[in-house]
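In: Just to be clear, the model below is a prediction. Sequence and coordinates:
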Number of protein chains: 2
Amino acid sequence: MEPKNHEYLMGRFVENRFVFRQSFVIRSYEIGPDKTATMETLMNLLQETALNHVASSGVGGNGFGATREMSIRKLIWVVTRILVQVDKYSSWGDLVEIDTWVDAAGKNGMRRDWVIRDFNTQKIITRATSTWAMMDRETRRLSKIPDEVKNEVQPFYVNRASIPPQNSDSEKIQKLTHETAHIMRTGLAPRWSDMDANQHVNNVKYIGWILESVPMKILEDYNLTSMILEYRRECRQSNVLESLTSMRPRTCGDDGEITNENSDLECTHLLRMEDDHAEIVRARSVWNFKKP
Amino acid sequence: MEPKNHEYLMGRFVENRFVFRQSFVIRSYEIGPDKTATMETLMNLLQETALNHVASSGVGGNGFGATREMSIRKLIWVVTRILVQVDKYSSWGDLVEIDTWVDAAGKNGMRRDWVIRDFNTQKIITRATSTWAMMDRETRRLSKIPDEVKNEVQPFYVNRASIPPQNSDSEKIQKLTHETAHIMRTGLAPRWSDMDANQHVNNVKYIGWILESVPMKILEDYNLTSMILEYRRECRQSNVLESLTSMRPRTCGDDGEITNENSDLECTHLLRMEDDHAEIVRARSVWNFKKP
């Protein structure tokens, strides 16, 4: 067995080391009831590619996604915003190829983009972009990017956008309340298996709770084509959460009444603490009616 | 890019087509708070290998794990028992190699075994065995194995055991009650994302609920070295579940008092419906104190 096979499983740099590329086969347990990969699966694969990018870059430290100079300073990256736009969901056994790269985002942030291609057609089937800030692991306060860290990451920066700025869903996400939400699910408790290696709820797990307040009929009859998440606060296992959702036809009014099943839907979501209503995640999703 | 790489990702037959072998890299989101692969991850990978085995065999039908003759007759395999024994849990980025094969189990059952090797050392790090029965997809009643199906699967049968019978934990799993359980968690509700392509709760998801009634201190300070699950009844999204656990030092009494933290623990579990207490899964687990 040649080492080449392992490299292929692990991912590799392409395009002058500006782009990191990894291939994945969609596994049977990564698909949902409609037999295609779920949004959680896509975000898991994006996370995996990002972490392998850092680990393969030669500047990786001992933390998840942290560089050496960050590890020395007890700094970690935290995601503040992620937008995923899906053209086509893959099925079990499909081979996908994910490209990822990074760029500056303002003075103290980093942008990370991805595209997912169907390997056989080489068509782009998903685009995603995210913004990251630097946090002190112990005080949990945001931090500037130290020059030493800038020196590590800047050689990898490339000015390229997976989603053109005009399509990047920059409209403010409204804050839902008990009054403006159409559906509210309370008593959502993280499970032990929702925790990651940092003893925090993994970013991706929030999607499952957000979808808990989306009506079953929408989950079944619509495709989730776009999702944007704004992370506001960390969540630990002892927290109990509430999931709120409001819905409206994409192009029409905002009374929440779904009059025409064939139109696209836009949902606004809020995940908050049950006790003091502190915001954890604001989100917006777009749903496309499945043609039978 | 050679097709060889894809074959490698998809798995292949070895040993005269009696054994199906697939390699996996442990992904970042498949590890738990202790940074090693979780029991759920192992069972997911076992399931994936089994399904690819059937799909690659040339007798695969249109269902998950079903043969052509089964699909024609609307028959499906259901797992009735699975035993997993773990010597060593892998970490993120580790490459594992899984072998699986099947054999007869009595007149109307099938046995499926697995071994997981650490690819680099080629040491066996996990062994597993399972028993399967045939069910009518519509009436949900157990069925005999039709001769046409026997003809499809028998050529693959091989008389080899991953776990020697004397180690196969054949002792009856006691049925827990409100009185005999030390810990009970109620109100466990399946999420939309727990459903599989058959609109049922995926077998592997039960592990998460079982662990919900295991004390945090055990989850943190002990390694789960063995788990046996007996599946009694299917579960749908509308069901609300209760998780019960009792514990005892492995070799001593059964009063549930943990007097010596350094001894191994044995837990008995029951997952049941909250309303009528109908049994869903009985389970037993063995926990080994982590040497610091």
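Out: Noted; the coordinates are in hand. Residues are numbered from 1 along each chain as shown, chains lettered A, B, ... in the order given.
In: Do a quick rundown of the strands in the stretch 151-292 of chain A.
Out: A:183-188, A:222-231, A:241-249, A:265-273, A:279-289 (DSSP state E, counting those that start in this stretch).
In: which of the ones you listed has the lowest average pLDDT?
Out: Among those, strand A:183-188 carries the lowest mean pLDDT, at a mean of 92.
In: so what does it touch, helix or strand wise?
Out: Contacts defined by 3 or more CB pairs under 8 Å, 6 or more residues apart in numbering or on different chains; DSSP states H and E place strand A:183-188 against strand A:241-249. Any C-beta I mention is one placed from the backbone N, CA and C, and that applies to glycine too.
In: ok, back up a step: nearest to residue B:134 among the strands of the stretch 151-292 of chain A would be which one?
Out: Closest to residue B:134 of the strands of the stretch 151-292 of chain A is strand A:222-231 (CB to CB; 34.3 Å).
In: Name the residues of the closest one that are buried.
Out: A:222, A:223, A:224, A:225, A:226, A:227, A:228, A:229, A:230, A:231 (16 or more other CB atoms under 10 Å in any protein chain shown).
In: For stretch A:91-105, give the mean pLDDT please.
Out: If you average the pLDDT over stretch A:91-105, you get 95.
In: Now that stretch - C-alpha only, PDB.
Out: Taking C-alpha atoms only, stretch A:91-105 is exported to PDB below (Å, rounded to 0.1, in the frame of the first residue of the first chain):
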ATOM      1  CA  SER A  91     -25.700  11.200  -1.200                       C
ATOM      2  CA  TRP A  92     -24.200   8.300   0.600                       C
ATOM      3  CA  GLY A  93     -21.000   7.100  -1.200                       C
ATOM      4  CA  ASP A  94     -20.600  10.400  -3.200                       C
ATOM      5  CA  LEU A  95     -17.100  11.700  -3.300                       C
ATOM      6  CA  VAL A  96     -16.700  15.400  -2.600                       C
ATOM      7  CA  GLU A  97     -13.600  17.600  -2.800                       C
ATOM      8  CA  ILE A  98     -13.300  20.600  -0.400                       C
ATOM      9  CA  ASP A  99     -11.000  23.600  -1.000                       C
ATOM     10  CA  THR A 100     -10.300  26.000   1.800                       C
ATOM     11  CA  TRP A 101      -8.200  29.100   2.200                       C
ATOM     12  CA  VAL A 102      -7.800  32.100   4.500                       C
ATOM     13  CA  ASP A 103      -7.600  35.900   4.200                       C
ATOM     14  CA  ALA A 104      -7.500  38.900   6.500                       C
ATOM     15  CA  ALA A 105     -10.900  40.200   7.800                       C
END
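In: list the buried ones in it?
Out: Residues A:92, A:94, A:95, A:96, A:97, A:98, A:99, A:100, A:101, A:102, A:103, A:105 are the ones in stretch A:91-105 that count as buried (16+ other CB under 10 Å).
In: which of the buried residues of strand A:222-231 lies closest to chain B?
Out: Closest approach between these and chain B, by CB to the nearest CB: residue A:224, at 11.4 Å.
In: circling back: reformat the buried residues of stretch A:91-105 as a markdown table; add secondary structure and distance to chain B.
Out: As requested, the buried residues of stretch A:91-105 are exported to a markdown table (DSSP: H, G, I helix; E, B strand; the rest coil; distance: CB to the nearest CB, whole Å):
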| residue | secondary structure | distance to chain B |
| --- | --- | --- |
| A:92 | coil | 8 |
| A:94 | coil | 11 |
| A:95 | strand | 6 |
| A:96 | strand | 11 |
| A:97 | strand | 10 |
| A:98 | strand | 12 |
| A:99 | strand | 15 |
| A:100 | strand | 14 |
| A:101 | strand | 19 |
| A:102 | strand | 17 |
| A:103 | strand | 22 |
| A:105 | strand | 23 |
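In: okay, those residues in JSON lines with distance to residue A:249 next?
Out: Shown next, in JSON lines, are those (distance: CB to CB, whole Å):
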{"residue": "A:92", "distance to residue A:249": "32"}
{"residue": "A:94", "distance to residue A:249": "32"}
{"residue": "A:95", "distance to residue A:249": "36"}
{"residue": "A:96", "distance to residue A:249": "32"}
{"residue": "A:97", "distance to residue A:249": "35"}
{"residue": "A:98", "distance to residue A:249": "33"}
{"residue": "A:99", "distance to residue A:249": "34"}
{"residue": "A:100", "distance to residue A:249": "34"}
{"residue": "A:101", "distance to residue A:249": "36"}
{"residue": "A:102", "distance to residue A:249": "37"}
{"residue": "A:103", "distance to residue A:249": "35"}
{"residue": "A:105", "distance to residue A:249": "33"}
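In: tell me, how many neighbours does residue A:122 end up with?
Out: Neighbour count of residue A:122, defined by other CB atoms under 10 Å in any protein chain shown: 8.
In: in a strand, that's where it is, yeah?
Out: No. Using DSSP: H, G, I helix; E, B strand; the rest coil, the secondary structure at residue A:122 is coil, not a strand.
In: Please tell me how far it sits from chain B.
Out: 11 Å (CB to the nearest CB, to the nearest Å).
In: Could I get the pLDDT score of that residue?
Out: Reported pLDDT for residue A:122: 96.
In: Tell me the residues of the stretch 101-250 of chain A that contact chain B?
Out: Within the stretch 101-250 of chain A, the residues that sit near chain B (CB under 8 Å from any CB of the partner chain) are A:187, A:191-193, A:195-197, A:199, A:202, A:204, A:207-209, A:211-212, A:216, A:219.
In: Report the secondary structure state of the closest residue to residue A:36 other than its chain neighbours.
Out: Once flanking residues are discounted, residue A:36 sits nearest to residue A:89: 3.7 Å by CB to CB, 6 or more residues apart in numbering or on different chains. Of the three states, residue A:89 takes coil under three-state DSSP.
In: Just the buried ones from the residues of the stretch 101-250 of chain A next to chain B, in ChimeraX syntax?
Out: With 16+ other CB under 10 Å as the criterion, this ChimeraX line picks the buried residues out of these:
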select /A:192,193,195,196,197,202,204,207,208,209,211,212,219
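In: which residue packs closest to residue A:221, ignoring adjacent ones?
Out: residue A:290 (5.9 Å).
In: quick one: that neighbour from residue B:145, how far?
Out: Going from residue A:290 to residue B:145 by CB to CB, to the nearest Å gives 37 Å.
In: Between these two, tell me which one has more neighbours.
Out: More neighbours surround residue B:145 than the other of residue A:290 and residue B:145, with 21 against 10 (other CB under 10 Å).
In: The lengthiest helix in chain A - what's its average pLDDT?
Out: Secondary structure of chain A read by DSSP state H shows that its longest helix is helix A:39-56. On average, the pLDDT along helix A:39-56 is 95.
In: do the same with stretch A:138-157
Out: Stretch A:138-157 shows a mean pLDDT of 94.
In: Endpoint to endpoint, it covers what distance?
Out: Criterion CA to CA, to the nearest Å; first-to-last residue distance in stretch A:138-157 is 28 Å.
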